[in-house]
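[1] Return atomic coordinates for the entry below.
(one chain, ligands or ions: 1)
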Amino acid sequence: MKNKKQEVRKRYDATADKYDSRYQQIQFAKYREVLSSIVLESEDVLFDVGSGTALLLDYFQQNNLNFVCCDFSYEMLSEGRKKHPNSNFVRADIDYLPFRKNSCDILTCFSVLQNCPNPAKTFRELTSILKENGKIILSVLTNIFNLDNLSKMAKDADVEVEKIWKMKIEDYCLIGKKKDEKSIKC
Ligand SMILES: C[S@@+](CC[C@H](N)C(=O)[O-])C[C@H]1O[C@@H](n2cnc3c(N)ncnc32)[C@H](O)[C@@H]1O
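    Residues are numbered from 1 along each chain as shown. Take a look at the predicted model:
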């Protein structure tokens, strides 16, 4: 398992300098489709997990966001740091996030879960750092996941699905809200 993750990390490290030229257009199309309905408040803390080269930060073109990019590839993060020297970059494995529980308002995770050996466990780890009623926005590849297993992962992580659909390009997307304790008990 560890070896598989290491292989993935090495692959992204080795191709980091080419990532933006290959994928910027397609990732921006995904962000546009998903984020048009999301309103960001200036005090929101947003974590982009599996952030890669911080394309999402490029997309927002705002430097007043409380935005944290997290990825396990040193080279992907360093490409991001070159573009956004004043932003927050944290190197960590998505399955062992070094953040306080209940600390994040909005968590995004675009095109990452296909690399995770146990996506359901990863989904729960992501949710654990969200505040109650915090939003999770996640896209996954259609050749690996389907809408049923994506919904089930959300349910098992105590996430209420607000919207789930097949995007125009490549991925399924889920927008959900972490349930508060009261609604989990019901
Ligand atoms: C396809 S790229 C997507 C990058 C970014 N989300 C985007 O929209 O461009 C997948 C990213 O997930 C990261 N990744 C894969 N497995 C990871 C893990 N176990 N922990 C943290 N990051 C991981 C890779 O290093 C890579 O940067």
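[2] Tell me where this structure is predicted with low confidence.
    For the chain, the stretches with pLDDT under 70 are 1-2, 63, 185-186.
[3] Mind naming the longest strand for it?
    As assigned by DSSP state E, the longest strand anywhere in the chain is strand 130-141.
[4] How far does it sit from its chain's centre?
    Counting by C-alpha atoms, centre = their mean, to the nearest Å, strand 130-141 is centred 8 Å from the centre of its parent chain.
[5] Show me what that strand is packed up against.
    Applying 3 or more C-beta pairs under 8 Å, 6 or more residues apart in numbering; DSSP states H and E, one finds that strand 130-141 contacts helix 2-35, strand 104-110, helix 119-128, helix 147-156, strand 171-178. To be clear about C-beta, it is placed using only N, CA and C from the backbone, and glycine gets the same treatment.
[6] mind running it again at 6 Å?
    Under the contact definition 3 or more C-beta pairs under 6 Å, 6 or more residues apart in numbering; DSSP states H and E, strand 130-141 sits against strand 104-110, strand 171-178.
[7] does any bit of it sit next to the ligand?
    No: contact of strand 130-141 with the ligand (C-beta under 6 Å from any ligand atom) is absent, the minimum separation being 8.0 Å.
[8] do the same with stretch 65-81
    Yes: contact of stretch 65-81 with the ligand (C-beta under 6 Å from any ligand atom) involves 71-73, 76.
[9] From those residues, pick the one nearest Ile26.
    Nearest to Ile26 among those: Met76, at 16.2 Å, using C-beta to C-beta.
[10] Spit out the contact partners of the residue most central in space within the chain.
    Geometric centre of the chain, nearest residue: Cys109, 1.2 Å, by C-alpha atoms, centre = their mean. Each residue near Cys109 by C-beta atoms under 6 Å, 6 or more residues apart in numbering is listed here: 49-50, 138.
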